[in-house]
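Engineer: With the input below, show me the fold.
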Amino acid sequence: MQNWNPSPKANSRGELGYIIRMFPQTSETFIANEILGLERLDMPVRIFSYRKPTDGVRHECVRLIQRPVEYLTDPLWQHPVTLLQASSTVYRLYPERYRRAVAHAFGRCLQERRINYLVRLIQAAYLARILTTSSVRHIHAHFARGATEVATLVSMLTNIPFSFTAHAGDIYTAEHDDLMEKITAAQFVVTCTRANQEYLQALVNQDQRHKIRLSYHGVNLDKFDSTADVRPAQPPLILSAGRLVEKKGFPYLLEACRMLKEKGYEFRCLIVGEGPERAKLEHAVAALGLNGVVGLPGSCSQEELLGFYRQSTAFVLSCVVGRNGDRDGIPNVLLEAMAVGLPVISTPISGIPEVIQDGHNGLLAPQRDVQALASAIGAVLEDMALRERLSSNARSTVVERFDSTRNVDVFASLFHGTGIRKSQRELPVAQGV
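Structural biologist: Numbering: from 1, shown residues only. Coordinates of the predicted model:
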């Protein structure tokens, strides 16, 4: 393992252990902002990632995090002796717990007919060995998939309680029984939209529903400032951003751009991001006659994206529910664009209507409705009074409800009683049922 010096067990100040599949990732700034916010509250956090990042983009919020990331053995096959020693040590320390975890992992493998849980068991044993000489008193995982599977097994092995944050695709594409099992085992579950909270609560028994807590992601209002120098590009720039995947609905934005071009609108469109649908989108740009109108510049840092926001006339994210049920929660880029004071256009799926009130602080078009999407974009391009009203109300919404400083306080309040000491600043209580 790299960058690891065990914390003295005598340290009386309990630590929070974060388990993340891959950290940092360009598309998951909300995790970095959350960790940074906890550090600023003087909450001691250790970051464990079981995969190393594959892209080179680094946001400022990642660079500001003080604690180094502790990468577990990756790939596993390169470290057989280390992993065997870790498993042997944990077995000697906790034989009954180890046998229970093994039985659980094998049971899941047989049920799902895949070996993923055995891989998670090996990773969990390795991390459990580290935690035996640490001051970690609580474990928190992000996404209700692999990281939470590791957290579940680590908790079985060490008796350290765990919690997890559920986002969107990780719950809507998961088996209900699997989610119920994880919720039952967790001390609490955090999710970032009311829609997610209600969905999860409907899956579990009444006595488990109180565990599922709502904590919205937030935006750094000092960084995403609507009063900064804004220089809209000419012709008007329509901006979109996100991973190039089905649930972002970028093909519908391209079709809307084609319709706007045919109607004589002058504009440019940038779709910022990277992902598996790049080739498909590049082909669509050419097939729709949008070369020179639509650009796909790839991934960029949050700071570079901020520059694009300030050049744009509107921000559009035409989200859809994917064929496998995958969907967004509340995309952070929507909140960032609203904080900067951009008129935003999106679709009324998942948690998006919790932020955007159609006609008040943004516009909503039905998912996959290209005509409605094009009409909404055209209205924003044509009507300065509409742009100004949407812009002002968008910024006000984020200031009132999605300030990262306030929202991380709400998130941190969930760790009361877990044995983790933080600053003496009084924290608000997170929202429950």
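Engineer: What are the boundaries of the helices in the stretch 301-433 of the chain?
Structural biologist: 302-311, 332-340, 370-382, 384-401, 404-412 (DSSP state H, counting those that start in this stretch).
Engineer: how about these, which one is nearest residue 107?
Structural biologist: Closest of the helices of the stretch 301-433 of the chain to residue 107 is helix 404-412, at 32.7 Å (criterion: C-beta to C-beta). (Each C-beta comes from the backbone N, C-alpha and C, glycine too.)
Engineer: What are the buried residues along the closest one?
Structural biologist: Buried residues in helix 404-412, defined by neighbour count with 16 or more other C-beta atoms under 10 Å: 404, 407, 408, 409, 410, 411, 412.
Engineer: any idea how far the closest residue to residue 311 other than its chain neighbours lies from residue 310?
Structural biologist: Spatial nearest neighbour of residue 311, chain neighbours left out: residue 233 (4.5 Å); criterion: C-beta to C-beta, 6 or more residues apart in numbering. According to C-beta to C-beta, to the nearest Å, residue 233 and residue 310 sit 10 Å apart.
Engineer: Over to residue 318?
Structural biologist: The value you get for residue 318 to residue 310, if C-beta to C-beta is used, is 22 Å.
Engineer: Counting neighbours, go ahead and name the busier of these two.
Structural biologist: Between residue 318 and residue 310, residue 318 has the larger neighbour count (other C-beta atoms under 10 Å), namely 25 against 20.
Engineer: which residues sit against the lowest-mean-pLDDT helix or strand in the chain?
Structural biologist: Least confident helix or strand, the chain: helix 60-63 with a mean of 86, by mean pLDDT, DSSP states H and E. Identification of contacts with helix 60-63 by C-beta atoms under 8 Å, 6 or more residues apart in numbering yields 24, 29, 32, 33, 36, 220, 301, 302, 303.
Engineer: list the buried ones in it?
Structural biologist: 61, 62.
Engineer: Take the buried residues of helix 404-412 and write them to TSV, including distance to residue 202 and pLDDT.
Structural biologist: Shown next, in TSV, are these (distance: C-beta to C-beta, whole Å; pLDDT from 0 to 100):
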residue	distance to residue 202	pLDDT
404	29	90
407	24	90
408	28	91
409	28	89
410	23	87
411	23	90
412	27	90
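Engineer: Just say helix, strand or coil for residue 138.
Structural biologist: Three-state assignment for residue 138 (DSSP: H, G, I helix; E, B strand; the rest coil): strand.
Engineer: Against residue 43, how distant is the closest residue to residue 418 other than its chain neighbours?
Structural biologist: Sequence neighbours aside, residue 138 is the residue nearest to residue 418 in space, at 3.9 Å (criterion: C-beta to C-beta, 6+ apart). In this structure, residue 138 and residue 43 are 11 Å apart, going by C-beta to C-beta.
Engineer: which residues are common contacts for the two?
Structural biologist: Common neighbours of residue 138 and residue 43 (C-beta under 8 Å, 6+ apart) are 16, 415, 420.
Engineer: pretty sure residue 203 is touching residue 176, no?
Structural biologist: Yes - counting by C-beta atoms under 8 Å, residue 203 touches residue 176, with 5.5 Å between them.
Engineer: domains of the protein?
Structural biologist: 15-218+404-415, 237-401 (automatic domain parsing).
Engineer: wait, which of the ones you listed is closest to residue 225?
Structural biologist: Of those, nearest to residue 225 by C-beta to C-beta is domain 237-401, at 7.3 Å.
Engineer: Correct me if wrong: residue 253 contacts residue 271.
Structural biologist: Yes - at 7.1 Å, residue 253 and residue 271 qualify as touching, with contact defined as C-beta under 8 Å.
Engineer: hang on, the earlier thing: now do the SS call for the residue nearest to residue 311.
Structural biologist: From three-state DSSP, the assignment for residue 233 is coil.
Engineer: since we're on it, how many residues are nearby?
Structural biologist: So residue 233, with other C-beta under 10 Å, has 15 neighbours.
Engineer: List the contacts of it.
Structural biologist: Residue 233 touches 268, 311, 312, 313, counting by C-beta under 8 Å, 6+ apart.
Engineer: quick one, phi psi at residue 190?
Structural biologist: Taking degrees, to the nearest 10, you get phi -110, psi 140 for the backbone angles of residue 190.
Engineer: That one and residue 153, how far apart?
Structural biologist: 20 Å.
Engineer: more crowded one of these two?
Structural biologist: A count of neighbours by other C-beta under 10 Å puts residue 153 above the other of residue 190 and residue 153, at 28 against 24.
Engineer: Which residues does the helix or strand encompassing the more buried one contact?
Structural biologist: Residue 153 belongs to helix 146-158 when elements are defined using DSSP states H and E. Contact with helix 146-158 is made by 19-21, 50, 90, 94, 97-98, 100-101, 104-105, 116-117, 120-121, 123-125, 127-128, 131-132, 139-141, 160-162, 164, 182, 185-186, as judged by C-beta under 8 Å, 6+ apart.
Engineer: Residue 14 reaches residue 136, doesn't it?
Structural biologist: Yes - counting by C-beta under 8 Å, residue 14 does reach residue 136; the two are 7.3 Å apart.
Engineer: Counting neighbours, go ahead and name the busier of the two.
Structural biologist: For residue 14 and residue 136, the more surrounded residue by other C-beta under 10 Å is residue 136, and the numbers stand at 25 against 19.
Engineer: so how far is residue 84 from that one?
Structural biologist: Taking C-beta to C-beta, one finds residue 136 at 23 Å from residue 84.
Engineer: Then residue 249?
Structural biologist: Distance from residue 249 to residue 84, by C-beta to C-beta: 47 Å.
Engineer: out of the two, which sits in the busier spot?
Structural biologist: Between residue 249 and residue 84, counted using other C-beta under 10 Å, residue 249 has the larger neighbour count: 25 against 12.
Engineer: Wait, the more buried one touches residue 368, no?
Structural biologist: Yes - counting by C-beta under 8 Å, residue 249 does reach residue 368; the two are 7.3 Å apart.
Engineer: Common neighbours of these two, please.
Structural biologist: residue 320.
Engineer: of the contacts of helix 60-63, closest to residue 72?
Structural biologist: Distances from residue 72 to those, taken as C-beta to C-beta, are shortest for residue 24 (15.4 Å).
Engineer: Tell me where the model's unsure across the stretch 101-250 of the chain.
Structural biologist: 229-230 (pLDDT under 70).
Engineer: Which residue ranges of it form helices?
Structural biologist: 116-131, 146-158, 169-172, 176-185, 194-203, 250-262.
Engineer: Could you work out which of these reaches nearest to residue 346?
Structural biologist: helix 250-262 (10.6 Å).
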